[in-house]
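S.K.: Structure here, sequence nowhere to be found:
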Ligand SMILES: Cc1cc2nc3c(=O)[nH]c(=O)nc-3n(C[C@H](O)[C@H](O)[C@H](O)COP(=O)(O)O)c2cc1C
């Protein structure tokens, strides 16, 4: 039995953005079922733990104009996951849904239903949504600031758990001989009275195969980290490169232990991209070509504007970084994009230093800093890079997306997966029937239930 840390793998399929090669003649639709189906089947062939969808609830805008590419490619998460459940058998199904604009009863029901339909493969990536602009699409509007969004999320999760736990394993008897349908007449009863939610009634979905669907979290502020440490089974992280990745890993695992859990109970999974070549030089060339196609001069300026919060259109993308400071107080110029930088001024200072040290112009800096991963090289170099990253506690695994939708993941599965398996870092087959088992997470025991 190998003692190497086993790498967790998720497969990511996003909308059309600066990680997509939408112009490539082989690129398919980001919204057809066939795209989701092909990606999911490929991920399952590679024994990936789960398929993962992010959530975008508003078309992104720059100074009031929609980003063209954002118009396609963000169907609603739950129907997509339910349809993938029907064409796969072991792959986990992880959906990002925010806790700000939904209600606990509704989401608890949807995820418990997905867990039933998929035989125990459902996972919910809890996000708190990020801006009032997105909130405008909802009845409540942009009604909570960040700290309050986490307060709501905290009580949301507690309430959802109460709903999932309102049914115990043996409650649905349906014994034709004795005529007993329910073991206890109050199965599914719940009552929650708190500052955010005051609800009571009966929960309509009997206990699902995982007891509780797996919980992921994405959000990196101190509140976000504490929230994840207390509640999540895994974290979708933006830190795919050392040393930030290792700092995040150490920090979060310490918070998990401080929350009274075992460090291993919360898995850390950064998003990652890859480019494979037959030789290292070919891979590097292919990578430069893909990144320059993805990050055009105009895209580079838009990505920087998110941090500067200023109109930077007068700057030359092939020139130096803007010499002005960010404008933290102006209305947001870029709307609808998750802002994962904690401090504009610190980020700009760091980028200026990176640009100087690596001698990068504006566009090259964006290519460098807005990268996922990147794992670039021959298949064996990529396998080694990923393995070293995980074994050195950069993470517990990766959520991998390909720039070429839906075919790109095939190369990873055909070429890199067997090498990771040979290294003893990736299991050759699924070990359990539920996602919770496959991730090596502690089972939810009946005794924990009400
Ligand atoms: C890696 C990562 C991925 C995220 N993905 C999404 C997403 O798909 N949909 C969404 O609404 N918010 C997403 N968010 C935003 C978070 O929900 C959160 O609102 C935001 O990060 C602010 O919280 P924080 O200050 O704790 O980071 C993501 C955040 C991170 C760090």
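M.R.: Noted; the coordinates are in hand. What you see is a predicted model, and the numbers here were worked out from it, not measured in a lab. Residues are numbered from 1 along each chain as shown.
S.K.: Check the secondary structure at the closest residue to residue 444 other than its chain neighbours for me.
M.R.: What sits nearest to residue 444 in space, not counting adjacent residues and going by C-beta to C-beta, 6 or more residues apart in numbering, is residue 211, at 3.5 Å. C-beta: built from backbone N, CA, C; applies to glycine. With DSSP: H, G, I helix; E, B strand; the rest coil as the basis, residue 211 sits in coil.
S.K.: Residue 125 against residue 236, yeah?
M.R.: Yes - taking contacts as C-beta atoms under 8 Å, residue 125 lies within contact range of residue 236: 5.8 Å.
S.K.: so what sits against both of those two?
M.R.: 52, 96, 216, 217, 218 (C-beta atoms under 8 Å, 6 or more residues apart in numbering).
S.K.: Next to the ligand in this structure, residues from the chain, please.
M.R.: 54-55, 96, 98, 127-130, 146, 218-221, 223-224, 236-238, 338, 340 (C-beta under 6 Å from any ligand atom).
S.K.: Separate out the buried members of these.
M.R.: The neighbour count (16 or more other C-beta atoms under 10 Å) marks 54-55, 96, 98, 127-130, 218-220, 223-224, 236-238, 338, 340 as buried among those.
S.K.: out of these, which are inside helices?
M.R.: 223, 224 (DSSP state H).
S.K.: mind listing which of the buried ones among the residues of the chain next to the ligand are in strands?
M.R.: Among these, DSSP state E puts 96, 98, 127, 236, 237 in strands.
S.K.: now, the most widely separated pair of the shared contacts of residue 125 and residue 236?
M.R.: Farthest-apart pair in these is 52 and 217; separation 12.9 Å (C-beta to C-beta).
S.K.: Does residue 332 touch residue 131 like I think?
M.R.: Yes - Residue 332 lies in contact with residue 131 (C-beta under 8 Å); the separation is 7.1 Å.
S.K.: Buried residues, the helix or strand harbouring residue 41. List them.
M.R.: If you go by DSSP states H and E, residue 41 is part of helix 33-45. Residues of helix 33-45 classed as buried: 35, 36, 37, 38, 39, 40, 41, 42, 43, 44 (neighbour count, 16+ other C-beta under 10 Å).
S.K.: Verify the contact between the third one and residue 85 for me.
M.R.: No - shown here, residue 37 and residue 85 do not form a contact pair, counting by C-beta under 8 Å, at 11.4 Å.
S.K.: Make sure residue 215 is indeed in a helix.
M.R.: No - looking at residue 215 with three-state DSSP, it is strand, so not inside a helix.
S.K.: about what we covered before: any chance of the ones in strands among the buried ones among the residues of the chain next to the ligand in TSV, plus pLDDT and distance to residue 421?
M.R.: Converted to TSV, these look like this (pLDDT from 0 to 100; distance: C-beta to C-beta, whole Å):
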residue	pLDDT	distance to residue 421
96	97	29
98	93	36
127	94	32
236	97	24
237	95	24
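S.K.: Taking the residues you listed, tell me the two that lie furthest apart.
M.R.: 98 and 237 (17.6 Å).
S.K.: so residue 36 makes contact with residue 77?
M.R.: No - shown here, residue 36 and residue 77 do not form a contact pair, counting by C-beta under 8 Å, at 10.8 Å.
S.K.: what's the first-to-last distance across stretch 424-444?
M.R.: End-to-end span of stretch 424-444 (C-alpha to C-alpha, to the nearest Å): 28 Å.
S.K.: quick revisit: tell me what the helix holding residue 41 is packed against?
M.R.: The contact analysis (3 or more C-beta pairs under 8 Å, 6 or more residues apart in numbering; DSSP states H and E) places helix 33-45 against strand 8-12, strand 50-53, helix 77-85, helix 408-411.
S.K.: any idea of the angle that helix forms with strand 8-12?
M.R.: 170 degrees (axes from the mean of the first three to the mean of the last three C-alpha atoms, to 10 degrees).
S.K.: can you give me the offset of helix 33-45 from its chain's centre?
M.R.: Relative to its chain's centre, helix 33-45 lies at 17 Å (C-alpha atoms, centre = their mean, to the nearest Å).
S.K.: And for stretch 336-346?
M.R.: 17 Å.
S.K.: tell me which residues of that stretch are tucked away?
M.R.: With burial defined by 16+ other C-beta under 10 Å, the residues of stretch 336-346 counted as buried are 336, 337, 338, 340, 341, 344.
S.K.: Repeat that for stretch 427-443.
M.R.: Residues of stretch 427-443 classed as buried by neighbour count (16+ other C-beta under 10 Å): 430, 434, 435, 436, 438, 439, 441.
S.K.: Can you get me the start-to-end distance on it?
M.R.: Stretch 427-443 has an end-to-end distance of 20 Å (C-alpha to C-alpha).
S.K.: From the rest of the structure, what touches that stretch?
M.R.: For stretch 427-443, the external contacting residues (C-beta under 8 Å, 6+ apart) are 6, 8, 47, 49-50, 90, 92-93, 119-123, 209-211, 214, 233-234, 264-265, 267, 421, 444.
S.K.: now whichever residue of the stretch 351-450 of the chain sits closest to the ligand, what's its secondary structure?
M.R.: Proximity of the stretch 351-450 of the chain to the ligand (C-beta to the nearest ligand atom) peaks at residue 399, 8.9 Å away. Following three-state DSSP, the label given to residue 399 is strand.
S.K.: Tell me how far the residue nearest to it when sequence neighbours are not counted lies from residue 101.
M.R.: With sequence-adjacent residues excluded and distances taken as C-beta to C-beta, 6+ apart, residue 399 is closest to residue 10, at 3.8 Å. Distance, residue 10 to residue 101, by C-beta to C-beta, to the nearest Å: 24 Å.
S.K.: Neighbour count for those two, which is higher?
M.R.: In this view residue 10 and residue 101 are compared by other C-beta atoms under 10 Å, and residue 10 has more residues nearby, 27 against 18.
S.K.: Show me what the more buried one bridges to in the sheet.
M.R.: Following DSSP bridges, residue 10 is listed with bridge partners residue 50, residue 399.
S.K.: For it, report the pLDDT, please.
M.R.: pLDDT for residue 10: 98.
S.K.: Okay, it and the ligand: tell me how far apart.
M.R.: For residue 10, the distance to the ligand equals 12 Å [C-beta to the nearest ligand atom, to the nearest Å].
S.K.: wait, that residue sits on residue 396?
M.R.: No - look at residue 10 against residue 396 with C-beta under 8 Å: they stay out of range, at 11.0 Å.
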